[in-house]
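Student: starting from these lines, generate the structure:
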Amino acid sequence: MRWQRGQRSRDLRDERASTQGRGGGGLGGLPLPSGKGGLIVLAIVVVVSLLGGGSLLGGGGGGGGSSDTGIDITDILGGLGDATSAPSGAADQVPGAPDPEAELVDFTSYVLDDVNATWDEIFQQSGRQFRHAELVLFRDGVDTGCGPANSAVGPFYCPPDQTAYLDLGFFRELNDRFDAPGDFAQAYVIAHELGHHVQNLLGISEDVNRRQQADPDQANELSVLLELQADCFAGIWGHSVYNRGVLEDGDLQEGLTAAAAVGDDRIQESAGVDVDPETWTHGSADQRQEWFNRGFDTGDVTACDTFS
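Tutor: I've put the predicted structure just below:
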């Protein structure tokens, strides 16, 4: 990516020093239902790799495409318009020493501001007001509006405080363990989490949460559709930066590789358990790539209606 280092984003809070060495407590890495009280998690790849178990993947129905979910978001999405190299890994910082993650923090700040600005413009075009998402960098454990969490959860978004949370060590996992290197792979992760912020502002997350509570048998299927839509929203931001000449050769493939790497089938395969679509909560590698591509190719929010 042709990104430029600038001032740190006002929407970025760096809590790495104050959270290093902390345990996260009760969330334990499980992908909780989305909505007012639950984290919205990119994937649980780190949990699976550390604990080696398939049970953390949960139960319920997976899949994408058409579904009788009872959620009609056509009017919501119809009002929105079109969207017009960082190092991998995290390292412990010695007090007083130069920050070994400084460039990665600057890159995260750049992507955060650019994604927020892109959605701000899209919302303005439809006469809506966009509230910027915040992003907290932490290490090991952190307190959130959804409760305490630890790094094993992976990157996540908390609807009550409208904030995404990221331990930069996840990027090392993405690069080394899941073979998804590159700055646009990292940018995809951030854009996906901010896609959940868009869902939160539009009321989609709350609608899904309400439907999950009313019909627990559909909880996982609805979770998959929500996650795939966040992938599509990430693709819309990718469409915007592509049109502005920010992307370089190979960047799109980096994003697609990352999307596939956090597919539920890939996670189950890496954990050594049977691939079971009935347990999916985020969608398969193919589904995640398909919906990211749909947003990237069209730049059209209405193309991201995974619920119809």
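Student: can you pull out the strands in this protein?
Tutor: Remark: strands assigned in the chain by DSSP state E are 12-14, 40-41, 134-137, 141-144, 147-150, 156-158, 163-166.
Student: which of these has the lowest average pLDDT?
Tutor: Mean pLDDT values for those show the minimum at strand 40-41, a mean of 61.
Student: re the thing from before, got the strands of the chain as JSON lines, with distance to Trp3 and mean neighbour count columns?
Tutor: All C-beta spots, glycine's among them, are computed from the backbone N, C-alpha and C. Below are those laid out as JSON lines (distance: least, C-beta to C-beta, whole Å; neighbours: other C-beta atoms under 10 Å):
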{"stretch": "strand 12-14", "distance to Trp3": "15", "mean neighbour count": "17"}
{"stretch": "strand 40-41", "distance to Trp3": "26", "mean neighbour count": "28"}
{"stretch": "strand 134-137", "distance to Trp3": "16", "mean neighbour count": "22"}
{"stretch": "strand 141-144", "distance to Trp3": "26", "mean neighbour count": "20"}
{"stretch": "strand 147-150", "distance to Trp3": "28", "mean neighbour count": "20"}
{"stretch": "strand 156-158", "distance to Trp3": "22", "mean neighbour count": "27"}
{"stretch": "strand 163-166", "distance to Trp3": "17", "mean neighbour count": "25"}
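Student: reformat the ones you listed as TSV; add distance to Pro100.
Tutor: Formatted as TSV, these follow (distance: least, C-beta to C-beta, whole Å):
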stretch	distance to Pro100
strand 12-14	14
strand 40-41	26
strand 134-137	14
strand 141-144	20
strand 147-150	22
strand 156-158	24
strand 163-166	16
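Student: wait, which of the ones you listed is closest to Ala261?
Tutor: Closest of the strands of the chain to Ala261 is strand 40-41, at 14.7 Å (criterion: C-beta to C-beta).
Student: still on that earlier bit, closest one to Val224 among the strands of the chain?
Tutor: strand 40-41 (12.6 Å).
Student: where does this structure have low pLDDT?
Tutor: 19-97 (pLDDT under 70).
Student: how about the helices in it?
Tutor: Ranges of helices in the chain, per DSSP state H, are 16-19, 45-51, 74-78, 102-125, 169-172, 183-202, 204-214, 219-243, 251-261, 264-271, 285-298.
Student: now do the buried residues in stretch 109-120.
Tutor: Neighbour-count burial for stretch 109-120, with 16 or more other C-beta atoms under 10 Å as criterion, is recorded at Ser109, Tyr110, Val111, Leu112, Asp113, Asp114, Val115, Asn116, Thr118, Trp119.
Student: list just the nearest of these to Ile190.
Tutor: Val111 (4.8 Å).
Student: count of residues packed around Gly250?
Tutor: Neighbourhood size, Gly250 [other C-beta atoms under 10 Å]: 11.
Student: now do the one 5 residues further on
Tutor: Number of residues near Gly255 (other C-beta under 10 Å) recorded here: 30.
Student: that one and Ala187: what is the separation?
Tutor: According to C-beta to C-beta, to the nearest Å, Gly255 and Ala187 sit 7 Å apart.
Student: need the overlap of contacts for those two.
Tutor: Counting by C-beta atoms under 8 Å, 6 or more residues apart in numbering, Gly255 and Ala187 have no contacts in common.
Student: now render the helices of the chain as JSON lines, adding distance to Gly6.
Tutor: Below are these laid out as JSON lines (distance: least, C-beta to C-beta, whole Å):
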{"stretch": "helix 16-19", "distance to Gly6": "20"}
{"stretch": "helix 45-51", "distance to Gly6": "30"}
{"stretch": "helix 74-78", "distance to Gly6": "32"}
{"stretch": "helix 102-125", "distance to Gly6": "7"}
{"stretch": "helix 169-172", "distance to Gly6": "20"}
{"stretch": "helix 183-202", "distance to Gly6": "16"}
{"stretch": "helix 204-214", "distance to Gly6": "31"}
{"stretch": "helix 219-243", "distance to Gly6": "15"}
{"stretch": "helix 251-261", "distance to Gly6": "20"}
{"stretch": "helix 264-271", "distance to Gly6": "35"}
{"stretch": "helix 285-298", "distance to Gly6": "25"}
